[in-house]
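Chemist: Kindly return the folded structure for what I paste below:
(one chain, ligands or ions: 2)
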Amino acid sequence: MTTLADPVPGGRPGDVERARALAQELSGQGVHGVVLSYVDTAGVARVKSVPTARLASAAAWGVGMSPVFDTFLANDSIVSTDVLGSPDGDLRLYPDLDQLVALAAQPGWAWAPVDRITQEGEPHPGCSRTALRRILVEAAEGHGLTLKAAIEIEWAVGEGPAEGGEFVPALSGPAYSATRQVELSDYTADLLSALATQGVDVEQIHPEYAAGQFEISVGALDPVAAADRSVLVRQTIRAVARRHGLVVSFAPAVFAQGVGNGGHVHLSAWREGVNLHAGGEGRYGMTADAESFTAGVLGHLPALTAVTAPSPASYLRLKPSQWAGVFTAWGRETREAALRVVTGTAGLRDRVANLEVKPVDLAANPYVALACLLSAGLEGLTSSTPLPEEIAGDPARLDLADAAARGVRRLPTSLIESVEEFRKDERLRAALGPVLADAVIAVRQGEIAAVHGLDDERVAAAYRWKY
Ligand code: GLU
Ligand code: MG
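Modeler: Ligands and ions are numbered 1, 2, ... in the order given. Down below sits the predicted model:
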């Protein structure tokens, strides 16, 4: 369980001694530096690094970094809000030692996610990891709930180097095929080995549908740890690929046409160790609380897309009949509804039943996305929001009037639309706090302006190697 305590100048209790011991251990393993990692509002993982010998100092006093990255765009240009985006000021990055790990595919390096505080020792209001921790505290202290999450990762493997930014698939076999499995046998074996060494419990890995595409799924954790893990797994996938002379793209749409890379999110709420998504009196074993949690997420989906599908390229992926879930609907094991109720197999349900959210991609800052998704679910749960009728099959085939009557609507088809929905959604803005919510709006507007006038292929190319 991730610590819910904010960092403080001088270090969280016990952290400095722990960092000293860890540094000694890491040095003994030949680790020279620690990558301190966070994700900006545009969804790009940004880093600072320290020599291993300075880990205890980082745990005590943090490491400096400008707050300007909160309003960076994926192309490294900068927008601003009334409080962010200026060249002034500094923040302190504090590593979470619980999540620190030596990087198996980057010998000499370890990695840790950070929380960011101000130089005055206050939590930085733009820190998305802190915002997510706040939601977990609210769930625990306000409602006696524990939350879990897991983020799936899809990525496309290309031949390197990517000359001129082009993507050339490193695989030629069919989707899900043994041919592909053999084609990248060494790469995927090295990837599994690196992840196992790092303590990541991989559940599955398989060749996916799109050109060069793979998917990996990992076990559920507390949501902050799940977001950290998503960043770490991508760092590892990229590093292993590089060692094999390959390149990888996590972009929502590697090409303008066809199936994209998703980052489906699995969520569950638990009370006193009992999974609320199983063994209940509601539909498919959901408890009344799990039904309302699902209804809460469902009701906020149009605004949620501003944080779960945050890139102009996200809307090249969000198309009907490609398993990206672009309709506001839920169904049991329905891969075309935005929400898939996963019951799991008889015998395992109390452990594995959960809610899968599909219109999420890996341009999303996972902390921001999870904070908003969970806050929406908690709102549903605490106000006992009724869950509408389920759908089966592809909603794209429903008669429009029939769909509307059932409350099934198409999710935003552009970032412009989803930002407008987010702007109107007080619950989601409150979940992030005004500073981070304004950064989300400003950065989305910046991305919209950055692709103004570009055709779809150019939009895909602009973000192909960014995430
Ligand atoms: N690639 C699909 C997406 O864009 C998901 C395929 C699957 O269900 O695994 O979300
Ligand atoms: Mg998949």
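Chemist: how close does residue 116 get to ligand 1?
Modeler: 30 Å (CB to the nearest ligand atom, to the nearest Å). Just so you know, the C-beta spots here come from the backbone N, C-alpha and C atoms, and that holds for glycine as well.
Chemist: which residues touch the lowest-mean-pLDDT helix or strand in the chain?
Modeler: Least confident helix or strand, the chain: helix 400-405 with a mean of 86, by mean pLDDT, DSSP states H and E. With contact meaning CB atoms under 8 Å, 6 or more residues apart in numbering, helix 400-405 is reached by 327, 395, 409.
Chemist: Tell me the confidence at the closest residue to ligand 1 within the stretch 351-467 of the chain?
Modeler: Closest to ligand 1 within the stretch 351-467 of the chain is residue 358: 5.9 Å, counting by CB to the nearest ligand atom. Looking at residue 358, its pLDDT is 98.
Chemist: How about the contacts made by it?
Modeler: By CB under 8 Å, 6+ apart, the contact list for residue 358 reads 262, 264, 323, 324, 325, 335, 337, 338, 339, 340.
Chemist: Look up the closest residue to the fifth one, ignoring the ones flanking it.
Modeler: Same thing as residue 325. residue 358 (2.8 Å; CB to CB, 6 or more residues apart in numbering).
Chemist: now swap in the last one and tell me
Modeler: Distance criterion CB to CB, 6+ apart; nearest residue to residue 340, sequence neighbours excluded, is residue 356 at 4.2 Å.
Chemist: The third one now?
Modeler: Spatial nearest neighbour of residue 323, chain neighbours left out: residue 335 (4.7 Å); criterion: CB to CB, 6+ apart.
Chemist: right, and the one you found touches residue 324 too?
Modeler: No. Using CB atoms under 8 Å, residue 335 is not in contact with residue 324, being 9.2 Å away.
Chemist: Could you check which of those two has the larger neighbour count?
Modeler: Taking other CB atoms under 10 Å, residue 335 and residue 324 do not tie; residue 324 has more neighbours (25 against 15).
Chemist: Please, which helix or strand holds the residue of the stretch 1-150 of the chain found nearest ligand 1?
Modeler: Relative to ligand 1, the nearest point of the stretch 1-150 of the chain is residue 150 (13.4 Å; CB to the nearest ligand atom). Counting by DSSP states H and E, the element that carries residue 150 is strand 146-151.
Chemist: State the distance from residue 135 to residue 461.
Modeler: According to CB to CB, to the nearest Å, residue 135 and residue 461 sit 35 Å apart.
Chemist: Residue 310 too?
Modeler: 18 Å.
Chemist: Among the two, which residue is more densely surrounded?
Modeler: residue 310 (29 against 21).
Chemist: hmm, back to that, may I see the buried residues of the helix or strand that the strand holding residue 150 is followed by?
Modeler: Once strand 146-151 ends, the next helix or strand along the chain (criterion: DSSP H and E) is strand 153-159. By neighbour count, and taking 16 or more other CB atoms under 10 Å as the criterion, the buried residues in strand 153-159 are 153, 154, 155, 156, 157, 158, 159.
Chemist: Next: stretch 32-42.
Modeler: Those would be 33, 34, 35, 36, 37, 38, 39, 40, 41, 42, for stretch 32-42 by 16+ other CB under 10 Å.
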